[in-house]
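Engineer: Provided below for reference: sequence and predicted model.
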Amino acid sequence: MAHLQEAAVKKINEICDRYVDEKTPLMMILSDIQKEYGYIPLEVQEIVSKRTGVSVAEIYGVVTFYSFFSLEPKGKYVIGVCLGTACYVKGAQQIVDKFSEIIGIKAGETSADGLFTLDALRCIGACGIAPAVTINGKVYPKLTVDAVPKIVNEYKAMEANNQ
Amino acid sequence: MAKINIKIEGIPFEVESGLTILEAAKACGFEIPSLCAFNHGECSKGSCRVCLVEATGARGLVASCVYPVAEGMEITISSPKATAARRTSVELLLSNHNKNCQQCDKNGMCVLLHVSKVTGARDDMYQGEQTPVTVDRLTPSIARDTSKCVLCGRCVERCKNAHGLGILGFEKRGFNTIVAPAENRSFANSPCILCGQCVSVCPTGALMEISEIEKVDAAMKAGKYVVVQTAPAVCAALGEEFGMKIGTRVTGKMVAALKRLGFKKVFDTNFAADLTIMEEATELLDRIQNGGKLPMITSCSPGWVNYAEYNYGDLLPHLSSCKSPHEMFGAILKSYYCEKNGIDPKDMFVVSIMPCTAKKYEKDRPELSVNGLQDVDAVLTTRELGKLIKRSGINFVKLPDAEFDNDVVGDYTGAGVIFGTTGGVMEAALRTAAFKLTGEELQSPALQEVRGFAGIKEATFNLGGKTLKVAVAHGMKNAKVLLDDIRAGKSEYQFIEIMGCPGGCIAGGGQPFVKPCFLPNEDADILDTYKAKRAAALYCEDELKTLRASHKNPQIAELYNTYLGEPNSHKAHKLLHTTYQAKEKFGK
């Protein structure tokens, strides 16, 4: 735990304390931490464990059960490809493969430059616009494989302009 | 409890409301095959689906371990639908199970194999992918092999219930789910105390002790002077490995078996328990009289010591500096005993038979050695001793009784015997402390106040005008209450006994498995009563002893007179005392 900054420890304890009156506060605490820091490494789980009394193994279990939580820092742009039934039959797997090929990472991984994370999601409830992709919350409806390179390039260009 | 009327297999019964179908059926004389369910629902999450039955009022089949009975409910166990469903459940479990049963250490005690037989499960009904496997054999104590795991969660529950620890948990999801310490780490770099309680409830071979039988074989083969010592709790349970009733004391047969196995000398660790009491009682009185750290806490249980080092690094000065009894014995054997008998300590190989998996780790601690020689060289559990005896073709049940060796060392008093159950160390220490403080023996050596299985026991004694307030805790969940009080400066005790396993050593992680499906001749509530039955065997042996206080042991007196000087002397410290160190919980 030594390499976590004091301020971060304080913040995490603060988040835990928001839900002291809840019967089962773990999901809410982890959601807030995920939103605040973008990931929940073991060091952070240890702090939550100490504060809440829930064992580290149990917290780790929850973090690895829900794909919403992440153990590793996510990229600046998180690409979520829905692999729910409707999207899948409309070719979502090929879309994942295309992103994978262009960026050079597998689903669940983050690119070395920290720009992209590629997530294969369970049904996101947007079956009407299948296959659906979200990038940092922005929805790309009825996406085709051919459109994928253009989207990736747009984000890369945006990043280059920012620098 | 209100009574309700139900029917099982068409027969009317009156049962208590609030029971699960599984419990109600058991009370009415039915045995529904079940796997994940443990005693009183300790782990009834309905996860394995082996106990499916038909029940009126329910939609489809129900898992009887979680479904409560209701007024008028009609339960069917034997219908074709229910029997086929149970068989399918087991076949599905088997489809993702490493079926090398001949090589499995749980062979003969595997609940999965039992329900396979009972439900008539067929081999290889469902073939396909297997979950990726993790095998952890990094600690000297416990092996974890996920290829044998059925994800029942008994170990997860036991670790939480006994210790409030929850080292093991469910990880990942779906087909990739495993039960593991966080990050699928080894027990070696997670804050596991290696007590082995998870091993004792695991229905399959997923969790087992790491066997050291081969080490002992090698020492014998190399012509070492191999001696063995047995912990008191072993003789109260070893008979179970040979089908004897729980609570049968088999001291004489055990000694006879060990002699036939070729050990040069067979000693009772109780001798060293008496020695421990001499050192510990002296240390306690010294702390009381000279303003030392109080309360002083016992240090016999290696599971508890591990827990303290991981969780209460700031309280380590409260622990008695005494080594645990078998370690003391090892140190005395390799010094005093070797000198007296002209044996080169380097040639001696000390084996401890223990009810414990944590002792395997303890013996490898670098601080538990003298002049570069490990005090104890190998630790076998009670179960491993059972295997060793069976392997050697000894008919244990028919063995004539034999006596422990007691040349120079080995004599023991009743005080040493009761170390094996919760409250025993406290009682033994008080018998000697009382004498030291008052100059008189206790009128009645049996101290009922510290006996029994309450989670925390407290007592106040008036000894020679001094008030001594003591407490006893077993299982880390209970210990935590006392420890947090010490940390907060609220503790009123002078002396605390803490044992890692709930019940103490008699229910240690290395003891014979208590699995009702393999014990048809035991009482239905054996899981509730086995600890008391084993403890009774120890208290019985204590009562049979003429000498019941450690300071009365003549060989101990001789050891001090001719070798150690006095308790807590410089020499005693070198041989019999140790140190502790705070540990990082999730080290790399």
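Structural biologist: Perfect, I can see it now.

Engineer: hey, where'd the strands end up in chain A?
Structural biologist: Along chain A, the stretches classed as strands by DSSP state E are A:77-82, A:116-121, A:133-135, A:138-140.

Engineer: neighbours around whatever residue of the stretch 201-350 of chain B ends up closest to chain A, how many?
Structural biologist: Using CB to the nearest CB, the point where the stretch 201-350 of chain B gets nearest to chain A is residue B:311, with a distance of 10.5 Å. In this view, the C-beta of every residue, glycine as well, is placed from N, C-alpha and C. Per other CB atoms under 10 Å in any protein chain shown, the neighbour tally for residue B:311 reads 20.

Engineer: separation between it and residue B:192?
Structural biologist: Distance, residue B:311 to residue B:192, by CB to CB, to the nearest Å: 12 Å.

Engineer: that older thread, which of the strands of chain A sits closest to residue B:134?
Structural biologist: Evaluated with CB to CB, the strands of chain A place strand A:116-121 nearest to residue B:134, the distance being 23.7 Å.

Engineer: now that closest one against strand A:77-82, angle please.
Structural biologist: With axes from the mean of the first three to the mean of the last three CA atoms, to 10 degrees defining the directions, strand A:116-121 sits at 20 degrees from strand A:77-82.

Engineer: what's in contact with strand A:116-121?
Structural biologist: A:67, A:74-84, A:96, A:99-100, A:103, A:105-111, A:152, A:155 (CB atoms under 8 Å, 6 or more residues apart in numbering or on different chains).

Engineer: one step back: can you put the strands of chain A in TSV and add mean pLDDT and distance to residue B:276?
Structural biologist: Shown next, in TSV, are those (pLDDT from 0 to 100; distance: least, CB to CB, whole Å):
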stretch	mean pLDDT	distance to residue B:276
strand A:77-82	93	60
strand A:116-121	92	58
strand A:133-135	95	65
strand A:138-140	94	70
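
Engineer: among those strands, which comes closest to residue B:351?
Structural biologist: Among the strands of chain A, the nearest to residue B:351 by CB to CB is strand A:116-121 (54.1 Å).

Engineer: show me how far the closest one is from its chain's centre.
Structural biologist: From the chain centre to the centre of strand A:116-121 is a distance of 7 Å (CA atoms, centre = their mean, to the nearest Å).

Engineer: buried ones in that strand?
Structural biologist: A:116-121 (16 or more other CB atoms under 10 Å in any protein chain shown).

Engineer: and if you look at stretch B:535-545?
Structural biologist: Using 16+ other CB under 10 Å as the test for burial, stretch B:535-545 gives B:535-539, B:541-542, B:545.

Engineer: now, those that are in helices?
Structural biologist: Cross-referencing the buried residues of stretch B:535-545 against helices under DSSP state H gives B:535-539, B:541-542.

Engineer: domain-wise, how is chain A divided?
Structural biologist: A:6-65, A:77-162 (automatic domain parsing).

Engineer: residue with max distance from the center of chain A?
Structural biologist: Residue farthest from the centre of chain A, counting by CA atoms, centre = their mean, is residue A:21 at 27.7 Å.

Engineer: check it and give its pLDDT.
Structural biologist: The model reports residue A:21 with a pLDDT of 90.

Engineer: related to what we said a few turns ago, and for the residue of the stretch 201-350 of chain B closest to chain A, nearest residue in space, chain neighbours not counted?
Structural biologist: Closest residue to residue B:311 apart from its sequence neighbours, by CB to CB, 6 or more residues apart in numbering or on different chains: residue B:191 at 7.1 Å.

Engineer: check contacts around the one you found.
Structural biologist: The neighbours of residue B:191, taking CB under 8 Å, 6+ apart as the test, are B:165, B:167, B:310-311, B:583, B:585-586.

Engineer: in strands, which of the residues you listed appear?
Structural biologist: Cross-referencing the contacts of residue B:191 against strands under DSSP E gives no overlap.

Engineer: I'd like those residues as JSON lines, with pLDDT and distance to residue B:142 appended.
Structural biologist: Shown next, in JSON lines, are these (pLDDT from 0 to 100; distance: CB to CB, whole Å):
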{"residue": "B:165", "pLDDT": "94", "distance to residue B:142": "14"}
{"residue": "B:167", "pLDDT": "97", "distance to residue B:142": "10"}
{"residue": "B:310", "pLDDT": "97", "distance to residue B:142": "16"}
{"residue": "B:311", "pLDDT": "96", "distance to residue B:142": "19"}
{"residue": "B:583", "pLDDT": "96", "distance to residue B:142": "17"}
{"residue": "B:585", "pLDDT": "93", "distance to residue B:142": "17"}
{"residue": "B:586", "pLDDT": "92", "distance to residue B:142": "17"}
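
Engineer: just to revisit the earlier point, quick one: the residue farthest from the centre of chain A and chain B, what's the gap?
Structural biologist: The gap separating residue A:21 from chain B is 22 Å, by CB to the nearest CB, to the nearest Å.

Engineer: up against chain B, what does chain A have?
Structural biologist: With the criterion set to CB under 8 Å from any CB of the partner chain, chain A comes near chain B through A:42, A:45-46, A:54-61, A:64-65.

Engineer: contact partners for residue 16?
Structural biologist: Going with chain A. The contact partners of residue A:16, by CB under 8 Å, 6+ apart, come to A:25, A:29, A:47-48, A:51-52.

Engineer: the intended chain is chain B.
Structural biologist: Neighbour list for residue B:16: B:1-4, B:24, B:27 [criterion: CB under 8 Å, 6+ apart].

Engineer: perfect, that will be all.
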